[in-house]
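**Student:** kindly generate the corresponding structure for this input.
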Amino acid sequence: MLKSRKILVISIWGRVMKIYDFGGRKNICGDRVREARCKNRLSQAELAAKLQVNGIVIERDSVSRIEIGTRFVADYELMVLAEILGVSIEWLLGK
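**Tutor:** All right, here's what the predicted structure looks like:
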């Protein structure tokens, strides 16, 4: 069952910015990212390094925030995460 989605719209320096929240989280893949990372015996720092090599600007703390659901994951990041972790995008999304 899908949880409710909230959108908070704020204005910063005259620009409108939407912050998405889905059931209290900013992503739905964090739990699966952590599961696949642990299965591949990678630390968060090692995963961040592999992402950086593949063109994703990210640090270890951002990987942690993805896993706990406090960081949004862009579609291009999801593609690279799936490739590095050896899983499908659908699996990362819980399908």
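**Student:** okay, now the unreliable bits of this protein?
**Tutor:** By pLDDT under 70, the low-scoring segments of the chain are 1-20.
**Student:** quick check: closest non-adjacent residue to N54.
**Tutor:** V80 (4.9 Å; C-beta to C-beta, 6 or more residues apart in numbering). For glycine as for every other residue, the C-beta is placed from the backbone atoms N, C-alpha and C.
**Student:** isn't that neighbour up against A48?
**Tutor:** No: applying C-beta atoms under 8 Å, one finds V80 not in contact with A48, separated by 11.6 Å.
**Student:** looking at those two, which is more packed in?
**Tutor:** The neighbour comparison of V80 against A48 (other C-beta atoms under 10 Å) goes to A48, with 21 against 17.
**Student:** which stretches of this protein form helices?
**Tutor:** Using DSSP state H, the helices assigned to the chain run over residues 30-39, 44-53, 60-68, 75-85, 89-92.
**Student:** make CSV from those and add distance to G24 to it.
**Tutor:** Below are the helices of the chain laid out as CSV (distance: least, C-beta to C-beta, whole Å):
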stretch, distance to G24
helix 30-39, 12
helix 44-53, 22
helix 60-68, 11
helix 75-85, 20
helix 89-92, 19
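**Student:** and F22, which of those helices is closest to it?
**Tutor:** helix 30-39 (11.1 Å; C-beta to C-beta).
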